[in-house]
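Visitor: Quick one, fold the following:
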Amino acid sequence: MSNTSTVQKLRLGASISLIALIVLSLAWEGVLAPIKPEGSKLILKAIPLLLPLFGILNGRRYTYQWASMFILIYFTEGTVRAWADQGVSAKLAMIEVLLTVIFFACTIFYAKLTRVSPKLTS
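Guide: You can find the predicted model right below:
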């Protein structure tokens with residue numbers, strides 16, 4: 001498998017997992033298992049996920065670098081809620097953890113494979 005093919009697959013994986021995480025956040029806090037029956041303000045947690053979206057979709061290496069650290073906030077939330085919540089909310093938290101791990105792996109490998117190697121000068 002060529003480097004270009006791998007980079008394209010990593011870019012696709014990061015894009016899909018980020019979009020899925022946005023959709024999951026909206027559905028989770030809006031409809032599937034909100035903290036309050038009428039919905040909760042935790043639905044706003046999807047807004048920060050929009051910050052890296054266009055950079056990820058456009059393949060901007062710098063966005064991949066900082067988003068790989070940024071996503072760890074959502075990983076932490078998912079692990080805490082998977083441990084503390086019960087029922088549907090705990091299952092959704094495990095899906096959140098899975099999506100963040102996929103996103104994290106795709107972003108760090110994308111950043112690694114797209115770095116510009118310094119020219120060797122004599």
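
Visitor: drop to CA atoms for contacts and neighbour counts, all remaining ones
Guide: Will do.

Visitor: what phi and what psi does the backbone show at residue 37?
Guide: Note on residue 37: backbone dihedrals following degrees, to the nearest 10 are phi -60, psi -30.

Visitor: shaky segments in the chain?
Guide: Where the chain drops to pLDDT under 70, the residues are 1, 118-122.

Visitor: again, only using 90
Guide: 1-4, 29-31, 33-43, 115-122 (pLDDT under 90).

Visitor: hey, where'd the helices end up in the chain?
Guide: In the chain, helices defined by DSSP state H lie at 3-27, 53-57, 61-70, 72-84, 88-113, listed in chain order.

Visitor: Quick check: which of the ones you listed is nearest to residue 41?
Guide: helix 3-27 (10.5 Å; CA to CA).

Visitor: My guess is residue 81 contacts residue 90. True?
Guide: Yes. Contact status for residue 81 versus residue 90: in contact at 6.1 Å, counting by CA atoms under 8 Å.

Visitor: Can I get the helices of the chain in JSON lines including distance to residue 43 and mean neighbour count?
Guide: Shown next, in JSON lines, are the helices of the chain (distance: least, CA to CA, whole Å; neighbours: other CA atoms under 10 Å):
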{"stretch": "helix 3-27", "distance to residue 43": "6", "mean neighbour count": "18"}
{"stretch": "helix 53-57", "distance to residue 43": "17", "mean neighbour count": "17"}
{"stretch": "helix 61-70", "distance to residue 43": "18", "mean neighbour count": "18"}
{"stretch": "helix 72-84", "distance to residue 43": "13", "mean neighbour count": "17"}
{"stretch": "helix 88-113", "distance to residue 43": "14", "mean neighbour count": "21"}
